[in-house]
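# Show me how the following folds:
(chains A and B)
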Amino acid sequence: MRLTTKQRTVHLIFTATLVVFTVWAIYSEAVSSRPWKKYQREFKKIELKDTADRLNNLELEKQKIKDSDGLKKIDRNIELLKLRLAKAESGSPKIIQNWLLEFNNEADRCVTCHMAVDKPGFEKQANPYKTHPGNYLEKHPVQTFGCVNCHDGEGHALTVEQAHGHGENWLKPLLSGSYAQSKCVKCHSLGQELPRDIVMPGGEKVVKGWRLYMEKNCLGCHVNSLYERPKRIAPVLTKVGRKVNKEWIKRWINKPKDYLPKTNMPDFSLEDEEVELISTYLLSLAGGEKINEPKALQRLNDKLAIESGKSLVNKLGCTGCHTINGKGGDFAPDLSGIAGKTYPEFLYFWLKDPKAHQPDAPMPDLRIPEEEIQDIVAYLFTLKKDKEKTTYAWDIDFAPEVIKKGKDLLKDKGCTGCHEIEDLPQGFNAPPHDGVASKRPEELIWTNMEDFNEKSLKNWLTIKVMDPKKFSSKQQNIITRMPKFDFTEEEAEALVTFILSLTKENFPKRHLRTLADAGSVEMKGRKLLEDRNCLGCHTINKKGGSVAPDLTDEGRKVRPEWLFSFITQPYRIRPLQEARMPYFKLSGDEITTMIEYLAFVSGETYPYIYADKKVTYEEDIAAGKELYQKELACLGCHTFEGKGGLVGPEHTDLASRLRREWIESWLENPQAIQPDVKMPRFKFKDKEKEYLVDYLMTMGRERFLAVQ
Amino acid sequence: MRSNKRQNMKNLLKIAALVVCAALTVVLTVRYSAAGEKPKLAEGKRLYMHYCTMCHGVKGDGKGFNAGYLDPKPADHTNAGEMSKRTDEKLFDTVSGGGKSVGKSTYMPPWGWTFTEAQIESLVLYLRQLCNCKGPE
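From the prediction side, this is the model:
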């Protein structure tokens, strides 16, 4: 049969179309619609080459090895590599997926392209051929946890754009780099009570963000059902009118960081009129109530007093918490500008008993005698005094309508989130943080940022924490009350990482872990240490200040009963010790925590052991007394019941204070425990040391019994 | 066969010589570094200020803040008349063995188990500077 021209043409067209479609289908299958195949082929090449290289190296190494054990080992490795090689050679491209039974039965196909995530040895390759950095996968195998549970993105998608969550309407774009740490805390919850210096290896960024979230008191304004509303962190302002002058409080509210660069108080970017209104309202509280302490003025401007005050602030331990003229800690406010903030009588009144002004003031009572307070006040009032005039509450006639306006404004700005003021209710209703990280970018206000490239939640949060007012607009009546915290870029990244953890998703209970038990002795102790800034003066394990004794060994050294009575009511032990242990007014529970923590630090499993059950004999004690008084002449340096030298610690309370085993190891070699101690090392003959300790354990026993 | 044996002997000798040399070097280095710790005036002053001034005073005149509690009183190290009667060895022994070892007050404790010999020699150097005197020849 002959075909007509028409038929031929039709046939040709069909054939051509078929050919074109076939070619397109093959091309599409191989290259365009399955891009993962390209990645798999590429990785196969890399893996084959890598394995072959390693095999070569091993073969070369093998020639050098002579002993049979080494040979066996290397043969085994060669065998394993050969298996790997065979496997890599035989494999043809296919979709690899992890079926996450515990996580909503989701299918996670990321490893189709990221084939090396759990294969060590490809650390230096570029993505997607790279081994997962760090040791995260050791405890979080990719077969169980998948990828999207930490990194977000669209797990079942197989194109680059979609899998990374950049497809249209996909809610969870990829969390790149350390942002993925936001997921750590979904299972390893940090809670609220852990010490702020807690370490989570591999989760450093999110822990830093958590610390900022707590320190800057975000919970003061943003409700978050994961956390309890904390106690207000800033000073009570109800009586601020008797403390500071108007010029200072205005400068402070206007730009807090000008006065204290390290303050947690944010910048509210207020207008001058607003500053005036709020300051006036605050000063009107308890206005006119000037502190009357004539003693504060007696030694002011006295050169000797100033000199003495200057040395006192260094000796007493003030700089453990405060910075004065560039020297000291940043736990409490820098005092270098104090003369421009308050007046001598108030400072005197404050130093005499900080809790008299503010019952829950963090500043402890340092038990400073009146004359010394006079000297310290005299010195502090020589520091950087602003020459301009100062107006105090009792100099001002307050107009009721101004006070009311100021009070309303203060409530609106949310000052009560951090400060207690009169009986105003706590906090300001900023948007709650429950599930804030599950918000869609469209739900957020992007005013002034319409042209912004990538409108993701992460980017929005970053802009918001760096510059909160960025989205506000007077024309559109969009008001932002959130103040500016002046975060660095790194801090902002950390904080955003933490906020991104506040999603609505819940992970399986089986995988929930607490990072550390906040109720454990260690954690409770560390938190207390932080809250009271003990390490501003004391050292523990080489960390901390040097004005007070090292406490690393304290749990091994002293009796817990004594420590309890000492913290409750501190007294002078070492005549040479100039810093004074403050009176912290800790609760019984807190002191017990501290004692247990110190025992833990010095490796004592349980602090309450009575060590001196040893039977002692009168003649041994007498021999020890002879050594103490004559041979070693201990009283040359130590005082016992009012007699003796002032170099070493008092011995009047010795037996009630120290533990027998510790005294024994101390006498053996004092420098081994405290390298720069002034006590010399003695060498004892026969049982001399035992006799001496027998005697020492009789000194100040009565006090010990009283303490018990 | 024979030359092989000789060769072996030679090698053995070489190794032995090397080992001996190495051992000698180590021993001598350790010894000299210990002996080489020379007394230094600055170190003497540092030690004196830290450990001695409570009783002997910052100026060395025996009037430290703790002296008032002691009887007999601490020695006045600026007294050239007294100090020049004592040899350096005697000063060394007093610091090292304490007052009791030289028939003096036990309030002066022995420092020989706290300081190294070089440190005590440094202290003697500083004592000589304090009194601005020399010991008897």
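
# where does the chain have its least confident helix or strand?
Just going to use chain A. Across the helices and strands of chain A, the lowest-confidence element by mean pLDDT, DSSP states H and E is helix A:701-707, at a mean of 56.

# what bits of chain B have low per-residue confidence?
B:1-7, B:21, B:24-37 (pLDDT under 70).

# how does it look with 90?
Applying pLDDT under 90 to chain B flags residues B:1-40, B:68-69, B:71-72, B:100, B:102-104, B:134-137.

# what's the neighbour count on the residue of the stretch 401-550 of chain A found nearest chain B?
Of all residues in the stretch 401-550 of chain A, the one sitting closest to chain B is A:Ser546 (14.9 Å; Cβ to the nearest Cβ). For every residue, glycine as well, the C-beta is placed using N, CA and C. Residues near A:Ser546, counting by other Cβ atoms under 10 Å in any protein chain shown, number 11.

# so it makes contact with A:Thr539?
Yes: if you go by Cβ atoms under 8 Å, A:Ser546 and A:Thr539 touch, sitting 6.4 Å apart.

# ok now stretch A:654-667, how far from the chain's centre?
The chain centroid and the centroid of stretch A:654-667 are separated by 36 Å under Cα atoms, centre = their mean, to the nearest Å.

# Tell me where the longest helix sits in chain A.
The residue-count maximum for a helix in chain A (DSSP state H) belongs to helix A:35-64.

# same for that helix, what does it pack against?
Helix A:35-64 sits against helix A:68-90, with contacts defined as 3 or more Cβ pairs under 8 Å, 6 or more residues apart in numbering or on different chains; DSSP states H and E.

# Give me the helices and strands touching the helix it packs on, please.
Counting contacts by 3+ Cβ pairs under 8 Å, 6+ apart, helix A:68-90 packs against helix A:35-64.

# tell me the mean pLDDT over the helix it packs on?
Averaged over helix A:35-64, pLDDT sits at 88.

# Helix A:68-90 and that one, what's the angle between them?
Helix A:35-64 runs at 160 degrees relative to helix A:68-90, counting by axes from the mean of the first three to the mean of the last three Cα atoms, to 10 degrees.

# Which parts of helix A:35-64 count as buried, going by neighbours?
The neighbour-count check on helix A:35-64 (16 or more other Cβ atoms under 10 Å in any protein chain shown) flags A:36-37, A:39-40, A:43-44, A:46-47, A:50-51, A:54-55 as buried.

# can you check stretch A:414-434 too?
A:414-421, A:426-428, A:433.

# same thing with stretch A:477-486?
Using 16+ other Cβ under 10 Å as the test for burial, stretch A:477-486 gives A:480, A:482-485.

# Break down chain B into its helices, ranges please.
Using DSSP H, the helices of chain B run over B:2-35, B:41-47, B:53-56, B:80-83, B:88-97, B:117-131.

# quick one: which of these is nearest A:Tyr213?
Nearest to A:Tyr213, of all the helices of chain B, is helix B:41-47, at 48.5 Å by Cβ to Cβ.

# Output the contacting helices and strands for that closest one.
helix B:117-131.

# Do a quick rundown of the strands in the stretch 401-550 of chain A.
For the stretch 401-550 of chain A, applying DSSP state E, counting those that start in this stretch gives strands covering A:513-514, A:539-540, A:543-544.

# Just name the most buried of those strands.
Across the strands of the stretch 401-550 of chain A, averaging neighbours per residue (mean count of other Cβ atoms under 10 Å in any protein chain shown) puts strand A:539-540 on top, at a mean of 18.
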